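Peer 1: return atomic coordinates for the entry below.
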Amino acid sequence: MDSGFARFMNKAVDVFILNILWVVFSIPVVTIGAATCAAFSVTLKMVDDEEGYVAKMFIKAFKSNFKQSTIMWCITAPCIYLCYLIWQFIIKGDDVHFIIIIGAILFTAVAICVNLYTYAIIARYDNTLKKSILNSVVICMLYFWRTLMIVALVALELLLIFWNRWTMLAGILIGPEFIIYTISGVSKRIFQTIEKNGGVIVPPVSSSDEPSDDVTDESDENDEEVDDETEEPVTDADESQNEESDENNE
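Peer 2: Reported below is the predicted structural model:
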């Protein structure tokens, strides 16, 4: 049975299995980065229905990207903890100076840029960690609106997960992988755009960058004017000269 409902259920089961694998492989805490990168490796394929055996793919990616993703987790963990401390101080504090709030926003933005796409990049490409982080920052800036959409979706998902104890239970079952799948869905399209451009990161083409109809119409009109100027009209004097030369020849 290849109905839409059957495909949805298969996808949901894969996400559930993937979430269990992520939780189990994250138990040592230090391996959360490797487990997250392995999950991204699978979900990037799931976006276009390219996945095979989920468990086999996960374990293979966990082993192959273990070193880089573990080092990356040593960057991600302090970023998360510092963001938590800063915003707890702002929320619970009285009369917090606006400079501190601006600093918290800037630090959070930098943390997002450094971490948002890096695990997906490590999972998909063979590159150094430094270049992977740099590419994540550049993608965040050039694809700002898509990045903002990811942040908004993830924030909404976290809000739903922590809504009450029942949603928290659902969050334990599929929450982490659902968030990773959301990020992968947008990231995959950005990566495909970059790959079509030969691996060069370029901003998305906006409507303002495309030539307008007015410009093409004006160019066509100018071409017609040039053609009219180059075609010299035949005058009556020229016609009379041609008739006289014909009489002389006779």
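Peer 1: quick one: find the helix or strand in the protein with the lowest mean pLDDT.
Peer 2: helix 213-230 (a mean of 42; mean pLDDT, DSSP states H and E).
Peer 1: could you check how far M57 is from I75?
Peer 2: Distance, M57 to I75, by Cβ to Cβ, to the nearest Å: 25 Å. Where C-beta positions appear, they are placed from N, C-alpha and C, glycine not excepted.
Peer 1: whoops, I mixed them up, I27
Peer 2: Remark: distance between I27 and I75 (Cβ to Cβ) = 21 Å.
Peer 1: more crowded one of the two?
Peer 2: I75 (15 against 10; other Cβ atoms under 10 Å).
Peer 1: need the contact list for the more buried one.
Peer 2: V114, N115, I133 (Cβ atoms under 8 Å, 6 or more residues apart in numbering).
Peer 1: for E50, helix, strand, or coil?
Peer 2: Using DSSP: H, G, I helix; E, B strand; the rest coil, the structure places E50 in coil.
Peer 1: give the burial count for it, as a bare number.
Peer 2: Neighbours of E50 under the rule other Cβ under 10 Å: 10.
Peer 1: so which elements touch the longest helix belonging to the chain?
Peer 2: Longest helix in the chain, counting residues (DSSP state H): helix 165-196. Under the contact criterion of 3 or more Cβ pairs under 8 Å, 6 or more residues apart in numbering; DSSP states H and E, helix 165-196 touches helix 4-25, helix 32-46, helix 118-124, helix 144-161.
Peer 1: let's go with 6 Å and repeat that
Peer 2: Other helices and strands packing on helix 165-196, by 3 or more Cβ pairs under 6 Å, 6 or more residues apart in numbering; DSSP states H and E, are helix 4-25, helix 32-46, helix 144-161.
Peer 1: my guess is Y119 meets A38, correct?
Peer 2: No: here Y119 lies out of contact with A38, judged by Cβ atoms under 6 Å, at a distance of 9.4 Å.
Peer 1: let me have the contacts of I75 in CSV, extended by secondary structure, neighbour count and distance to V15.
Peer 2: Shown next, in CSV, are the contacts of I75 (DSSP: H, G, I helix; E, B strand; the rest coil; neighbours: other Cβ atoms under 10 Å; distance: Cβ to Cβ, whole Å):
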residue, secondary structure, neighbour count, distance to V15
V114, helix, 18, 26
N115, helix, 20, 22
I133, helix, 20, 27
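Peer 1: what's the closest of these to F162?
Peer 2: N115 (20.2 Å; Cβ to Cβ).
Peer 1: need the helices and strands packed on helix 165-196 in CSV (columns: mean pLDDT, mean neighbour count and distance to S69).
Peer 2: CSV is the format used below for those (pLDDT from 0 to 100; neighbours: other Cβ atoms under 10 Å; distance: least, Cβ to Cβ, whole Å):
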stretch, mean pLDDT, mean neighbour count, distance to S69
helix 4-25, 86, 15, 11
helix 32-46, 94, 25, 4
helix 144-161, 93, 14, 19
